[in-house]
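Participant: The following block contains a protein sequence and its predicted model.
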Amino acid sequence: SSSVETLEFQAETRQLLRLVIHSIYSNKDIFLRELISNASDALDKLRLESLTDSSLADDGTTDLHISLEVDKDARTLTVRDNGIGMTRDDLVELIGTIAKSGTAGLLEKIKESKDAATAESLIGQFGVGFYSAFMVADKVTVRTRRAGTDSGTQWESDGEATYDLQDVDGLPVGTSVTLHLKPADSEDGLADYLSESKIRQIVKQYSDFIRWPIRMATERTDTEGGITRDIDTLNSMKALWARPRSEVTEEEYNEFYQQIGHDWLPPAETIHMRAEGTFEYEALLFIPSQAPFDLFSRETRSGVQLYVKRVFIMDDCEALMPNYLRFVKGVVDAHDLSLNVSRELLQHDRQIHGVRRRLVKKVLGALKDMQSKDAERYTKVWEQFGRALKEGLVEDTANTEALLELVSAASTHDPEKTTTLREYVERMKDGQDSIYYLTGESRAMVENSPHMEAFTAKGYEVLILTDPIDEVWVDQVPAFDGHPLQSIAKGQVDLDASADGQKETEAEKAQREQHFAALLPWLTTTLSEQVKQVRLSSRLTTSAACIVGDAHDLTPTLEKMYRAMGR
Ligand code: ADP
Ligand code: MG
């Protein structure tokens, strides 16, 4: 072997490692789930690449599997795969740095968090992946050879500041990750990870559905004292989605979700369906109970995996779920697609479009059901994913009606509770046609706006919209249930037309206009730099004047938002 090169971890990686090692996670067992999941990904990648590059098959792609090896004397646990492997550059890039956007902000939040539970929940949203190995090991050794290359590399680190790299000859294709285990310490949540039964239990719990065999050498002593050595497959590899709903327990659904979603909370909703006919498929989808920290970062991708007849094809299948439903996780197994199908092809496939339409309807339908049957749970889900769903009102005009039904908004009706548009319409005054809203940066700002005066005085309910995205969708959506959405800060809102009994007569109106006939042109000229026009209004009760936008103007918040985005 050649000389050793010592490299430094990127600053963010070092911070994350420190947080992981100093035990933010109370559940240390998940390190094995993470390493097995990486091994499984590596096997998928090799199988996929070998479909197009037959030379890779020479290295052996017939018995793809994961093996777990225990060395009690050396106190090591090794997770080995004969998958795609990594080059030296891969190791530096993939293991030495964190490419995820938003990492710095997340680390800041974790450091500021007041208690361990908050910190754990934040880091859980991030997903520590490979680094979770350092929760249970004080040294980690990775040996790996990329399929199609001749030389292997060893990576080794104690998870502090640096890692060592060195070339190694004679490695098989694939990767082995060897953990030099810390001593078991129940107070610290560290189990005995050399124990066969503990390993079995963790694999069963977190990795049972992994689609490659996870093998382990076992020893059994029989009654006569003879020792039988065996290679056991620890996981059942059963495709949960292919089983009838009645035969799957809630616990099994939850564990499957936690495994594919890298979540430690159960999902808020499970959707399991089967479509028969010309294009057959099964889908098992989940709505998480908590949003990931990077739900609104640019790179966040869809959470739906595509399988073809039980064979894994790809993660993040954006063709199956629109962007605004990127928080939905799960699996779609299509029976009539080629194993070689590409992302490109999927984007243009008519049948895939059909599947996607159906899945969107299912998800929106499940949310609607939850809203009517379990309002409390729905409120939590809306808090987590409402902002993403509102993007749907801008992107997905085919489902405007269904999405509008889901909207929850603050309102002047009840400061303690949000309202749906349906509930708003049911409370509308006689003769009221529009749904009134006002957008702004905060609830307090909206409530104290002079625009609010006449509406409050005359008892009209106004929706209080404070999300930046609210500005966008309210403009795009023509009406809900036949009632137009009307900003009380824009254009002419003629309250008198609908106010009961207080309508001023034509004569009174003429008199009022005459009274101010000289003032208005003077104000318009004097303020010509600042405003387009000064006119009389019936919308104020106590304030003398207020500024309103044209019906088609950008609102101040939206202007600010566009400016911040550099448009
Ligand atoms: P993630 O799996 O979410 O990408 P990880 O921290 O678990 O994050 O892994 C980082 C990257 O390191 C992986 O994306 C993969 O490219 C690489 N990697 C980790 N383990 C293996 C492995 N056993 N074989 C090949 N590549 C691996
Ligand atoms: Mg991973």
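Facilitator: Looks like it came in fine. Ligands and ions are numbered 1, 2, ... in the order given.
Participant: Look up the closest residue to whichever residue of the stretch 1-150 of the chain sits closest to ligand 1, ignoring the ones flanking it.
Facilitator: Among the residues of the stretch 1-150 of the chain, residue 129 lies closest to ligand 1, at 2.5 Å counting by Cβ to the nearest ligand atom. Heads up, the C-betas are built off the backbone N, CA and C, glycines and all. Nearest residue to residue 129 in three dimensions, chain neighbours excluded: residue 34, at 5.3 Å (Cβ to Cβ, 6 or more residues apart in numbering).
Participant: Give me the distance between the one you found and ligand 2.
Facilitator: Using Cβ to the ion, to the nearest Å, residue 34 is found at 5 Å from ligand 2.
Participant: from now on call the first residue 57
Facilitator: Yes, from this point I'll number from 57; that puts the last item at residue 90.
Participant: from what I can see, that residue looks like it's in a helix, true?
Facilitator: Yes - secondary structure assignment places residue 90 in a helix (DSSP: H, G, I helix; E, B strand; the rest coil).
Participant: OK, contacts around it?
Facilitator: Residues counted as contacts of residue 90 (Cβ atoms under 8 Å, 6 or more residues apart in numbering) are 184, 185, 186, 188, 189, 318.
Participant: among these, which two are most distant?
Facilitator: Farthest-apart pair in the contacts of residue 90 is 189 and 318; separation 15.0 Å (Cβ to Cβ).
Participant: neighbour count winner among these two?
Facilitator: Higher neighbour count among residue 189 and residue 318: residue 189, with 26 against 20, using other Cβ atoms under 10 Å.
Participant: check contacts around the spatially most central residue of the chain.
Facilitator: With distances taken as Cα atoms, centre = their mean, the residue of the chain nearest its centroid is residue 383 (3.7 Å). Contact partners of residue 383, counting by Cβ under 8 Å, 6+ apart, are 343, 344, 347, 348, 351, 359, 440, 441, 444.
Participant: how many other residues sit next to the nearest residue to the last one once chain neighbours are set aside?
Facilitator: Meaning residue 444. Leaving aside its sequence neighbours, residue 444 sits nearest to residue 380 (Cβ to Cβ, 6+ apart; 5.3 Å). Look at residue 380: counted by other Cβ under 10 Å, it has 21 neighbours.
Participant: A helix includes residue 380, no?
Facilitator: Yes - counting by three-state DSSP, residue 380 is located in a helix.
Participant: And the pLDDT at the residue of the stretch 57-206 of the chain found nearest ligand 2?
Facilitator: Of the stretch 57-206 of the chain, the residue with the smallest distance to ligand 2, taken as Cβ to the ion, is residue 185 at 3.8 Å. Residue 185 is assigned a pLDDT of 83 by the prediction.
Participant: How about residue 558?
Facilitator: Confidence per residue is given as pLDDT, and for residue 558 that number is 53.
Participant: Check residue 90 too.
Facilitator: Model confidence at residue 90, expressed as pLDDT, equals 87.
Participant: thinking again about what came up before, would you report which members of the contacts of residue 383 are assigned to helices?
Facilitator: Secondary structure assignment (DSSP state H) places 440, 441, 444 from the contacts of residue 383 within helices.
Participant: Most neighbours among those residues, which one?
Facilitator: With neighbours taken as other Cβ under 10 Å, the top of those is residue 441, carrying 24 neighbours.
Participant: Look at the nearest residue to that one once chain neighbours are set aside and tell me its secondary structure.
Facilitator: In space, and not counting its chain neighbours, residue 441 is closest to residue 383: 5.4 Å by Cβ to Cβ, 6+ apart. Taking three-state DSSP as the rule, one finds residue 383 in the coil state.
Participant: so how far is ligand 1 from residue 383?
Facilitator: 17 Å (Cβ to the nearest ligand atom, to the nearest Å).
Participant: pLDDT value on residue 74, please?
Facilitator: The predicted structure scores residue 74 at 85 on the pLDDT scale.
Participant: Also residue 442?
Facilitator: 96.
Participant: Any idea how many residues pack against it?
Facilitator: 18.
Participant: ok, now which ones touch it?
Facilitator: Contacts of residue 442 were listed using Cβ under 8 Å, 6+ apart, and they are 463, 464, 523.
Participant: just residue 533 next, same as before
Facilitator: The neighbours of residue 533, taking Cβ under 8 Å, 6+ apart as the test, are 449, 456, 460, 541.
Participant: try 6 Å
Facilitator: The contact partners of residue 533, by Cβ atoms under 6 Å, 6 or more residues apart in numbering, come to residue 449.
Participant: again, but for residue 272
Facilitator: Counting by Cβ under 6 Å, 6+ apart, the residues that residue 272 touches are 124, 288, 290.
Participant: Over to residue 275?
Facilitator: Taking Cβ under 6 Å, 6+ apart as the criterion, residue 275 is in contact with 283, 285.
Participant: Mind doing that once more with 8 Å?
Facilitator: By Cβ under 8 Å, 6+ apart, the residues touching residue 275 are 283, 284, 285, 286.
Participant: Closest one to ligand 2 out of these, please.
Facilitator: Using Cβ to the ion, the shortest approach to ligand 2 within the contacts of residue 275 belongs to residue 286, at 29.3 Å.
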